[in-house]
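everything below, folded, please.
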Amino acid sequence: MPRPRSDDRRAAIMAAATRIIAAQGLGAATAAIAKEAGVSNGSLFTYFDTKADLLNQLYLELKGEMGAAALGGLPAAAARTQMLHMWSRWMDWATANPLKRRTLAHLQVSDEITTSTRESANRTMAGIGEILERGRANGPMRDAPAALVFTLSNALAEATIDYIIGDPDRADEHKQSGFDALWRMIG
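Here you go, the predicted model:
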């Protein structure tokens, strides 16, 4: 008879996986994650069929959290204003959650993340894609592939986040400079 699952225990495993993967990378043992979560290795597999299942669910959770943070409180406004809001919230989430950001970076390049999981994650980020599309509709990159524009935007965001982390006293200035560069590229 399967053991009952607990939302708190599952959350503890996800939080532990975030910390361990941020520190050790994707090669981290599930036993280390279980120990960090305060559960047995066997209990971990009550919640996740395999390590790959854990990684896929963690990827979805982190992408969903980042997307929700970026879109939270989105004003009904012109595309530029919405882009600035989304950009600022994205920067705030990433700088406030460095372990989640690092873990997400590991997961984004993992071969363990399935196509289905990536498609699900993209659906959770659809609102961001729609704003980006409206933002570039009349700009110099309007005919470029959306994936290229998103990849370039992501690279600019990562560079801006790194600058903010390295120089937090000027975070607002770096956030605005990064957005200005983004808007010149697409708007």
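
any idea how far E65 is from Q24?
Using Cβ to Cβ, to the nearest Å, Q24 is found at 21 Å from E65. (Each C-beta comes from the backbone N, C-alpha and C, glycine too.)

if you could redo that for R134, that was the one I meant.
24 Å.

I'd say R9 and L44 touch.
No: judged on Cβ atoms under 8 Å, R9 makes no contact with L44 at a distance of 9.4 Å.

give me the common contacts of the two.
Common contacts of R9 and L44 (Cβ atoms under 8 Å, 6 or more residues apart in numbering): A37.

could you check which of these two has the larger neighbour count?
Higher neighbour count among R9 and L44: L44, with 22 against 18, using other Cβ atoms under 10 Å.

what secondary structure does the residue nearest the centre of the chain sit in?
With distances taken as Cα atoms, centre = their mean, the residue of the chain nearest its centroid is K63 (3.9 Å). Per DSSP: H, G, I helix; E, B strand; the rest coil, the secondary structure class of K63 is helix.

from R118, how far off is it?
Applying Cβ to Cβ, the value for K63 to R118 is 9 Å.

which residues does the helix or strand hosting A121 contact?
A121 is part of helix 115-124 when elements are defined by DSSP states H and E. Here helix 115-124 makes contact (Cβ under 8 Å, 6+ apart) with N56, Y59, L60, K63, G64, G67, G129.
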